[in-house]
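> missing the sequence, but the structure's below:
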């Protein structure tokens, strides 16, 4: 699923907000609920970064044909690897590969996705057994 992140203005507060849209320009509710929740305590720049992290997560889920509600912890590890090296569906090189993202960026993305699931578990949107 291709996502886009759009900047907008909250008509009630006048503050900048970020909106996650799918390819049909419909709001991606799980992401949007989390970004809205963050808007009470995080800066718009931080929320933008988190939005792009979740956009990458959604792209990864789509590539791997995973449902966001049924992922496993090993999927998060695969995501971290995917962030570092990119598409892993092709032949794997035996030579060292230049990382696509810094460790700081990868760690932030993992933290963002973890926070996203903590939020949804707390709100009983998803549950883990």
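Perfect, I can see it now. All values reported here derive from a predicted model rather than from experimental measurement.

> C-alpha only now, for contacts and for neighbours.
Fine.

> Where does residue 6 sit: helix, strand or coil?
With DSSP: H, G, I helix; E, B strand; the rest coil as the basis, residue 6 sits in strand.

> er, residue 125 actually
Classification of residue 125 using three-state DSSP returns coil.

> which SSE is residue 53 in?
In this assignment (DSSP states H and E), residue 53 forms part of helix 44-64.

> what helices or strands is the helix or strand containing residue 117 leaning on?
Assessed by DSSP H and E, residue 117 sits inside helix 103-122. Judged by 3 or more CA pairs under 8 Å, 6 or more residues apart in numbering; DSSP states H and E, helix 103-122 is in contact with helix 29-38, helix 44-64, helix 73-85.

> With mean pLDDT as new columns, can these be given to me in a markdown table?
Output for the helices and strands packed on helix 103-122, formatted as a markdown table (pLDDT from 0 to 100):
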| stretch | mean pLDDT |
| --- | --- |
| helix 29-38 | 95 |
| helix 44-64 | 95 |
| helix 73-85 | 92 |
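
> Take those and write them to CSV, including distance to residue 116 and mean neighbour count.
Output for those, formatted as CSV (distance: least, CA to CA, whole Å; neighbours: other CA atoms under 10 Å):
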stretch, distance to residue 116, mean neighbour count
helix 29-38, 6, 17
helix 44-64, 8, 18
helix 73-85, 12, 16
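
> if I look at residue 23, how far off is residue 116?
Here the criterion is CA to CA, to the nearest Å. By it, residue 23 lies 21 Å from residue 116.

> tilt between the helix holding residue 117 and helix 29-38?
On the basis of axes from the mean of the first three to the mean of the last three CA atoms, to 10 degrees, helix 103-122 is oriented at 100 degrees to helix 29-38.

> Now do the buried residues in helix 103-122.
105, 106, 109, 110, 112, 113, 116, 117, 119, 120 (16 or more other CA atoms under 10 Å).
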